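# from the sequence below, what's the structure:
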Amino acid sequence: MMSMSFSEKCLECAQEGIVLLLNEQQMLPLCKGDRIAVFGRAQMEWYKSGTGSGGSVHCNYSTNLIEPLLDLSSSCGFSIDAELVSFYEAWIKDNPFDNGGNLWAAEPYCQKEMPLDAEFVKKLAERSEKALFVIGRNSGEDKDYRDEEGSFRLGNLELENLRLVCSAFDSVCVVFNSSGILDMSWLLETKLKDRIKAVLYAWEGGQEGGRAAANVIAGHSYPSGKLTCTVANSLADYPSTGNFGSRQGNCYHEDIFVGYRYFMTFARDKILFPFGYGLSYANFSIENLTARLERGDKSGFEDARITVRCRICNISRLYRGKEIIQVYYEAPQGKLGKSARSLASFAKSEELAPGECQDIELSFNLFDMASYDESGITGNVSCLVLEKGRYIIYVGTDSLSAVALALDDGSMLDLQEDVVVRHLEQAVAPETSFPVLRPAPKNGDNACLSYSADYTYKARANESDIQQRIDKWLPEAYPYTGFKGIIFDNLKKDPSLMNSFIAQMDVKELATFARGEGMLSEKVTKGIAAAFGGVSDKLHTDFRIPCAGCADGPSGIRMDTGKEATLMPSGTCLASSWNLRLVEELYALEGEELKENGIDALLGPGMNIQRNPLGGRNFEYFSEDPLLSGRMACAEISGLRKNGCHAVIKHFACNNQETARREGNYIVSERALREIYLKPFEIAVKYGRARAVMTSYNSLNGHWTASNYELVNTVLRHEWGFGGLVMTDWWACMNDCVSGGEPTIRDTASMIRSGNNVYMVVDNDGAESNVFSDNIESALAAGKLTIGELQRSVMQVLSFILASNVSSRELGPLKDIPFFKATVVSLPDGGRLVQDETPFSIGEGESVYLDVKQDACYAIRGEYMKDGDNLSQSVINILVDGEAAASFQCRTTMGRYVWAVASKLELGKGLHEIRIHDAKPGIILKNLTFSSGEKNPVSLGYFT
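Model (predicted):
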């Protein structure tokens, strides 16, 4: 049962994430006496989340915009045009929401809009002086936006409707209910620009998103969010656009110049709304601004910090609000080339009443301004370097308007010589050199001048010897002892027994740990993504190792049985709040809900960089900036940890597009990886103490991330000191961790050697039998994997389980067999009666009644088929007496019917109502049978 405090915290977070970009003539908030016309169907069919695993939460309610706005109208003294509301209600009834058949990645980007008549709009403007124009858009997993009408761009009808509204109304507010930023080039049209007085991004705020937007618009709350990405004049202005969306892969030619780093360095004139920008109803002043270089006890600059202090004052007369202070730096161009702005720190004020002030202090380490020298151009190859020259600190409320600040003694921060911050090793470098962007010298000294783009510099190609590193870092092996009576409880009491504990396990038992089972395993909470750990009878019964369970997030718990959970605001919405404390509080409540449902880890946050606005999964991610992304992740990790739950930070690394994400090879310089794409993960590991990581689907510089030795072992484990759990994304491919080559789902040996622990997922009950026929045992025999590497991997899995809530729960049977007491008194009129052992077919919305002659254990069997690709997930739930009892789930059977056992259960004597729920459509089910005889499930291998 969802606590009210959780829903209230969701509302608070959704409100704080709303970004007000324009508010001329103080159009917002709505005032007493205002008469409002609300246009756009999204006012009633508000998008609460993006699609795919990141948004598949069954919440028990969600809010739209118009209903809470109507509720607020009487208390706030404004009025909503009721006739227009009725028109939309009637039109939507005749033009229902198109969810794409509820199929995977099939929902359209937007819904059909009601055409507007010029005379009707003119009549509305005669009785209402303000208009809200709501634009709804959605994207998601496996569905990037496209640069076309009705997707990233407004559709022809939307634009025509907007022009009609703007021609009739003097004051128009555009409200975006979208998964990310959209094309806003139309805002530059003179006729629209003169009439559009306000623009507001409400994002996708979860189950409370519609109410949050209504509260802010009505003045019941206030906007305090700021952009976590740059809104440019057009899509073509983003440097990644020309190298985004290819099915074969993409070269990241823009290198470190992502988002505002590019625009502030090369194209300030292309910025429509800058990174970090957002308005409030209140006005603020920044006073007593100072910056100081503070040295610690260590020699040189090792623990030196820049500390910025200021006072924020609310100077408005009417409105409360919050302000966000942002600190940026500009490093000298030197030999490496730098961005003109990089975020160094930020802080959000408390709520300030008119006339109220707050003192703020922000600081960051001097070493945080270092750049990575991948080629040795500074004389320090594979080192983080502070190049000599002037480092300028900027402070303000967005990246464009921040002003330069001298140190408190009036001096500037000038380094007289290069400082080597850290010696590293080349890792995850591209297979071949390729051109990347660097700034060419300015024509003049004006700080406001942009640099010109220079693509003559080439990223350094890989020269490291992976096999040599493997040999150097091979772990010790522990001789097999056979079972000596050491069980998991002994290990909990004395972790020093770990070596002796795993020495009891033979190869088959060790290899079972490398295979997670799912989806919808019955060995953990029903309906979640995977079970791992003690998934076999031997591991569970003899060694007493529990099964840990993980569930899709990151915005809430996905349980495909239909069980309800809380849907939180999207990652973008949360990050737009820039409020770390608030996000941590939210995820503490999420941890409570995970714990209540017996789930150990949430598959999130998603922390990939928003490289391009077309990214379909940008709603799950935080920002185009690595520091903001990393610190938001730390807040979520800390919140979950308060209730003993873990975040699985994902997708490591460079899952920056959804198009062909399982096929493409992304070519990225080592410098861009270290400074941009890996940096959020590094922050989450080093400062957030993350305990679990999920690799991505894609290939990165020639090696699939699930078996990328340099990415996982060299960087994550050796450089960052990560000792936790690493898992693959679901049904990921791998290739040889040394030689690369073609991808396969069976090279689990390379996965383990690379430092990745668990392949997600094999068929339920298929881990021990090696249902996917992976190569662990053959690689051990051939010397391509050592027993020590396999044992080390098992230790890392066990260490994660020891640190999880499952280790403190009572160990029950490997699978619970539920009992259903007969509750149907008599067969309803016209009811269909079936007997056990008799196959029957049933459709959604139908009921049949099973006549059970005596209490017995039953296996639910069925014959089912799914055509199409092996990427999308489909689920049919079997409901007994209204409760989820079993599930058939698969990706594809390649168009052939197969038999499988879905579950076992105990049924009491009497009549039981049987129904089905097509939770994720795609499966055709027939010959459903309740059998009291023992039947073994059919393995469908790769296709299930």
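# from here on, contacts and neighbour counts on C-alpha atoms
Will do.
# for residue 587, give its distance to residue 113.
From residue 587 across to residue 113, the span is 36 Å (CA to CA, to the nearest Å).
# same check, this time on residue 847
In terms of CA to CA, residue 847 sits 37 Å off from residue 113.
# next one: residue 359
Distance, residue 359 to residue 113, by CA to CA: 48 Å.
# between residue 587 and residue 113, who's got more neighbours?
Counted by other CA atoms under 10 Å, residue 587 and residue 113 do not tie: residue 587 has more neighbours, with 28 against 20.
# what about the nearest residue to that one once chain neighbours are set aside, which SS state?
Closest residue in space to residue 587, ignoring its immediate chain neighbours: residue 639 at 4.6 Å, by CA to CA, 6 or more residues apart in numbering. Taken by DSSP: H, G, I helix; E, B strand; the rest coil, the conformation at residue 639 corresponds to helix.
# Provide a list of residues in contact with residue 639.
Taking CA atoms under 8 Å, 6 or more residues apart in numbering, we find residue 639 in contact with 583, 584, 585, 586, 587, 588, 589, 590, 591.
# do you know how far it is from residue 647?
In terms of CA to CA, residue 639 sits 9 Å off from residue 647.
# so residue 122 makes contact with residue 168?
Yes - the pair residue 122 / residue 168 is scored as a contact, 5.5 Å apart, by CA atoms under 8 Å.
# show me which of the contacts of residue 639 is closest to residue 802.
residue 591 (17.4 Å; CA to CA).
# check contacts around the closest one.
So residue 591 contacts 639, 640, 641, 642, 643, 644, 645 (CA under 8 Å, 6+ apart).
# ok, residue 574 next?
Residues near residue 574 by CA under 8 Å, 6+ apart: 13, 14, 16, 17, 583, 622.
# with residue 143 instead?
Residue 143 is in contact with 105, 616, 617, 658, 659, counting by CA under 8 Å, 6+ apart.
# give me the neighbour count for the fourth one.
Residue 658: 23 surrounding residues under other CA under 10 Å.
# try the second one
Using other CA under 10 Å, residue 616 has 26 other residues around it.
# wait, a strand at it?
No - under three-state DSSP, residue 616 sits outside any strand and is assigned coil.
# so it versus residue 557, what's the distance?
Distance of residue 616 to residue 557, computed by CA to CA: 20 Å.
# repeat that for residue 902.
Shown here: residue 902 relative to residue 557, a distance of 22 Å by CA to CA.
# and those two? Which one has more around it.
residue 557 (34 against 22).
# list the contacts for the more buried one?
Contacts of residue 557 (CA under 8 Å, 6+ apart): 57, 551, 565, 566, 567, 594, 602.
# buried stuff in stretch 18-29?
18, 19, 20, 21, 22, 23, 27, 28, 29 (16 or more other CA atoms under 10 Å).
# looking at these, spot the one nearest residue 868.
Of all those, residue 18 has the smallest distance to residue 868: 39.4 Å, by CA to CA.
# pretty sure the closest one contacts residue 202?
Yes - taking CA under 8 Å as the definition, residue 18 is a contact partner of residue 202 at 4.8 Å.
# list the residues that are in contact with both of these two.
213, 573.
# ok, residue 426 to residue 336 distance?
For residue 426, the distance to residue 336 (CA to CA) stands at 16 Å.
# er, residue 571 I mean
Distance from residue 571 to residue 336, by CA to CA: 33 Å.
# tell me which of the two has more neighbours.
Per other CA under 10 Å, whichever of residue 571 and residue 336 has more neighbours is residue 571, with 31 against 19.
# isn't the more buried one right up against residue 621?
Yes - Residue 571 lies in contact with residue 621 (CA under 8 Å); the separation is 5.2 Å.
# any residues in contact with both of these two?
605, 606.
# is it true that residue 428 touches residue 713?
No - the pair residue 428 / residue 713 is not scored as a contact, 10.6 Å apart, by CA under 8 Å.
# how about the helices in the stretch 451-600 of the chain?
Using DSSP state H, counting those that start in this stretch, the helices found in the stretch 451-600 of the chain span residues 466-472, 488-493, 498-503, 507-512, 537, 571-576, 580-596.
# buried ones in the first one?
Buried residues in helix 466-472, counting neighbours by 16+ other CA under 10 Å, are found at 466, 470.
# same deal with the last one?
Using 16+ other CA under 10 Å as the test for burial, helix 580-596 gives 580, 582-595.
# following that helix, which helix or strand shows up next?
Where DSSP states H and E defines the elements, the next helix or strand beyond helix 580-596 is strand 601-603.
# who touches that following strand?
In contact with strand 601-603 (CA under 8 Å, 6+ apart) are residues 549-554, 557, 594, 645-650.
# how about the residues you listed in TSV, adding distance to residue 744 and pLDDT?
Below are those laid out as TSV (distance: CA to CA, whole Å; pLDDT from 0 to 100):
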residue	distance to residue 744	pLDDT
549	25	98
550	24	98
551	25	98
552	24	95
553	27	90
554	27	93
557	30	98
594	33	98
645	32	98
646	29	98
647	28	98
648	24	98
649	24	98
650	21	98
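# so which of those residues is the most crowded?
The residue in the contacts of strand 601-603 with the most neighbours, by other CA under 10 Å, is residue 557 (34 neighbours).
# hang on, the earlier thing: show me which of the contacts of residue 143 is closest to residue 927.
Nearest to residue 927 out of those is residue 105 (CA to CA; 28.9 Å).
# so who does the closest one touch?
51, 52, 140, 141, 142, 143.
# between the residues you listed, which has the most around it?
Within the contacts of residue 105, neighbour counts (other CA under 10 Å) peak at residue 140, which reaches 27 neighbours.
# show me the contacts for that residue.
Residue 140 neighbours (CA under 8 Å, 6+ apart): 50, 51, 52, 54, 105, 616, 617, 619.
# pLDDT on stretch 48-66, on average?
Averaged across stretch 48-66, the pLDDT comes to 94.
# only the buried residues of that stretch, if you could.
Buried-residue list, stretch 48-66, by 16+ other CA under 10 Å: 48-59, 62-66.
# so which of these are in helices?
When DSSP state H defines the helices, the subset of the buried residues of stretch 48-66 inside them is residue 66.
# okay, and for the stretch 801-944 of the chain, where does confidence drop off?
Flagging of the stretch 801-944 of the chain using pLDDT under 70 yields the residue ranges 869-871, 933-944.
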